[in-house]
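Peer 1: Predicted model follows, preceded by the sequence.
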Amino acid sequence: MTDTLRTAHTFELDPGTLDAVRAMLTRAFDGDFGDEDWEHGLGGVHAYAVDSQGGIVAHGSVVMRRVVHRGRAHRVGYVEAVAVRADRRRQGLGGRIMAALEEVVDGAYEFGALSASDEGAALYRARGWQLWNGRVEAYGPGGVEHLPDEEDTTFLRPAGGRPLPVAADGPLLFDWRDGDVL
């Protein structure tokens, strides 16, 4: 099978492509991919693979988020909505999608961040993403909120071969958004 990898900003994708990506993500996440999850993956750069019949077989996006560490705000490339169609898993598509997204992170952000599912964590580790060993928080409507459930799923990646500009001796404080904050 020959798949074509494409990258485009959200504004460059026509409604039909966006609908096809969303449908694939909904199926890939067994229906556990809602409106807020979709919203989180928009507004940045998408990497997606199309099979020879024109079907979307894999997708991921990287969007800009603000993360505060030790009083300094960082521009972070946050990876979202990474999935491979069930019948195409274990064929290298996830790695191809991540390579394209990492290129965006390397060129445009201070570092990359993501929240990994149990199923996805091995892919990210194999690609050099590092599990964050510190506290994770977010600016919430009522002030700063601790996110203990994210402390064993948050991965970071230095951008462009530079050292990671954060250390586990202070929390990562993410910007707020509806739905799952991370």
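Peer 2: Done, it's in. Numbers count the residues shown, from 1 in each chain.

Peer 1: can you give me phi and psi for the residue nearest the centre of the chain?
Peer 2: Central residue check for the chain by CA atoms, centre = their mean: the C-alpha nearest the mean position is that of residue 79, 1.6 Å away. Per-residue torsions, residue 79: phi -90, psi 130 (degrees, to the nearest 10).

Peer 1: Give me the pLDDT for it.
Peer 2: You'll see residue 79 listed with a pLDDT of 98.

Peer 1: which residues touch the one helix or strand residue 99 maps to?
Peer 2: Taking DSSP states H and E as the definition, residue 99 sits inside helix 93-108. The contact list for helix 93-108, computed with CB atoms under 8 Å, 6 or more residues apart in numbering, reads 3, 5, 7, 44-45, 47-49, 57-62, 64, 75, 77, 79, 82, 84, 111-112, 120, 123-124, 127, 157, 159-161. Every residue, glycine included, has its C-beta placed from N, CA and C.

Peer 1: hmm, try it at 6 Å
Peer 2: Residues outside helix 93-108 that contact it (CB atoms under 6 Å, 6 or more residues apart in numbering) are 5, 7, 45, 47, 49, 58, 60, 62, 77, 79, 84, 112, 123, 127, 159-160.
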